[in-house]
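S.K.: model this:
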Amino acid sequence: MLGPVRLDTNSLFLTDHLNSLGIEVVGKRIVGDDRYRLSLSIQHALESAEIVILSGGLGPTEDDLTREAVAEAIGSSLETSPVALEWVSERFRTLRRVMAENNRRQAMMLAGAEMLENPFGTAPGQWLMADGRIIMLLPGPPRELRPMFVNLCIPRLKKILPPLSIAVRHYRVAGIGESDLDQLISPAYTQYDNPVTTVLAKPGDIEVILRARSTTLEEAERLCTELGEKIENLLGDRIYSRNGDSLDATVGALLKERNQTVAVAESCTSGLVAATLSDTPGSSAWLRGGYVVYHEDLKRELLQAPLPGPAVSETTARALAIACRERAGADWGIATTGFAGPNGDEVGLVWVAVSSKDRLETRSFRWVRERPIVRALATTAVLDLLRKQLIA
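M.R.: Okay, here's the model as predicted:
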């Protein structure tokens with residue numbers, strides 16, 4: 001169904017598994033329940049790719065048109081399969097449900113297709129070879145599609161595909177914008193067709209993924225290492241993870257390794273920093289807690305003293321980081337204060353601070369962005385400042 005209430009996760013799952021087999025995904029398309037448009041999309045896909053995977057539209061209702069659309073696109077017949085009909089009937093008997101007459105549609109198979117059993121639903125899938133192309137018809141619900149693809153489709157693909165090994169490097173980077181990062185590292189990665197480099201960005205957090213393919217794992221690893229070392233030299237300590245771990249997980253691992261704890265004082269981020277830190281399982285071992293001190297009265301109460309300067313200032317950020325550390329009995333205190341917007345002359349101005357018994361660091365930023373993005377950027381900034389202090 002096209003609309004805002006369904007998130008397409010199937011294509012992400014399929015892409016991940018296909019990439020792990022060395023299969024490049026060159027396109028994906030979401031099409032509504034229209035037979036003509038579906039058939040046309042399938043024809044276009046078959047013209048540009050050797051493997052075409054369709055998900056959804058295998059149910060019993062009149063708007064489940066995938067089977068018919070594929071038959072029309074490839075000029076194939078579509079008939080009720082006695083084997084598939086018996087399988088569907090048995091599924092209903094197993095589920096102790098009465099099989100409606102329209103469920104017979106789920107047993108309609110393309111000529112020459114293999115039935116793919118669906119232990120988690122009543123709609124079988126189909127595997128078809130047509131004019132040198134592989135066509136897979138998979139159910140739409142993820143709980144049905146995923147096991148069918150992993151258990152039935154991947155083994156079939158492995159029998160067909162040439163031997164291939166894949167190595168991956170998954171860097172995560174903070175403290176630099178996407179365009180600046182790409183300008184910095186593109187002279188290195190554009191020299192390589194293998195590994196393939198992918199850059200994914202969201203506010204305050206960028207992923208750089210290298211994927212190398214070779215007939216041996218050793219050669220694929222060598223290719224990733226060769227390019228990876230060049231990228232690491234260019235990005236330096238902006239890289240906070242080399243295995244894809246999130247920033248909060250990285251900070252948590254560093255704190256756990258040192259047997260240390262952290263407390264948080266937040267103004268403009270309103271608890272987002274503490275919530276982010278607590279996303280990591282086991283965070284109670286190193287996250288002491290936090291204070292959301294949005295109003296100036298609460299800032300003064302936490303400090304147990306008048307504000308040392310304006311609410312949004314370096315001096316206040318420093319004081320909050322020290323106070324939350326001391327009040328919580330933590331090894332580290334971190335603080336945020338700023339103007340998240342959208343109104344005011346200094347919208348986007350943020351101060352962050354990190355405090356320990358013998359160290360105190362602050363940074364200021366000015367992000368002219370939407371309010372949720374400013375808060376997200378401030379969260380990343382203070383966690384990354386803490387990370388750098390932990391490895392200093």
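S.K.: Report the contact partners of residue 266.
M.R.: Counting by C-beta atoms under 8 Å, 6 or more residues apart in numbering, residue 266 touches 272, 273, 274, 290, 291, 292, 293, 335, 336. For glycine as for every other residue, the C-beta is placed from the backbone atoms N, C-alpha and C.
S.K.: In helices only, show me the residues you listed.
M.R.: 272, 273, 274 (DSSP state H).
S.K.: Can you turn the buried part of those into a ChimeraX selection?
M.R.: Selection of buried members from these for ChimeraX, criterion 16 or more other C-beta atoms under 10 Å:
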select :272,273,274
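S.K.: quick one: which of the ones in helices among the contacts of residue 266 is nearest to residue 230?
M.R.: residue 273 (33.4 Å; C-beta to C-beta).
S.K.: If we go by neighbour counts, what in stretch 241-252 is buried?
M.R.: Buried, per 16+ other C-beta under 10 Å, within stretch 241-252: 241, 245, 246, 247, 248, 249, 250, 251, 252.
S.K.: For those residues, give me JSON lines that also has distance to residue 197, pLDDT and secondary structure.
M.R.: Below are the buried residues of stretch 241-252 laid out as JSON lines (distance: C-beta to C-beta, whole Å; pLDDT from 0 to 100; DSSP: H, G, I helix; E, B strand; the rest coil):
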{"residue": "241", "distance to residue 197": "17", "pLDDT": "96", "secondary structure": "strand"}
{"residue": "245", "distance to residue 197": "19", "pLDDT": "95", "secondary structure": "coil"}
{"residue": "246", "distance to residue 197": "21", "pLDDT": "95", "secondary structure": "coil"}
{"residue": "247", "distance to residue 197": "21", "pLDDT": "97", "secondary structure": "helix"}
{"residue": "248", "distance to residue 197": "25", "pLDDT": "96", "secondary structure": "helix"}
{"residue": "249", "distance to residue 197": "23", "pLDDT": "96", "secondary structure": "helix"}
{"residue": "250", "distance to residue 197": "22", "pLDDT": "97", "secondary structure": "helix"}
{"residue": "251", "distance to residue 197": "26", "pLDDT": "97", "secondary structure": "helix"}
{"residue": "252", "distance to residue 197": "28", "pLDDT": "97", "secondary structure": "helix"}
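S.K.: got the residues you listed as a markdown table, with distance to residue 348 columns?
M.R.: Formatted as a markdown table, the buried residues of stretch 241-252 follow (distance: C-beta to C-beta, whole Å):
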| residue | distance to residue 348 |
| --- | --- |
| 241 | 27 |
| 245 | 29 |
| 246 | 24 |
| 247 | 21 |
| 248 | 23 |
| 249 | 28 |
| 250 | 26 |
| 251 | 24 |
| 252 | 28 |
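S.K.: wait, which of the residues you listed is closest to residue 361?
M.R.: residue 251 (14.5 Å).
S.K.: Next, the contact list for the closest one, please.
M.R.: 262, 277, 383, 386, 387, 390.
S.K.: Could you do residue 157 as well?
M.R.: 21, 23, 51, 134.
S.K.: picking up where we left off before, now restrict the contacts of residue 251 to buried residues only.
M.R.: 262, 277, 383, 386, 387, 390.
S.K.: List the buried residues of the helix or strand where the fifth one lies.
M.R.: By that I understand residue 387. Using DSSP states H and E, residue 387 maps to helix 371-391. Residues of helix 371-391 classed as buried: 373-390 (neighbour count, 16+ other C-beta under 10 Å).
S.K.: So which of the contacts of residue 266 is the closest to residue 365?
M.R.: residue 336 (10.3 Å).
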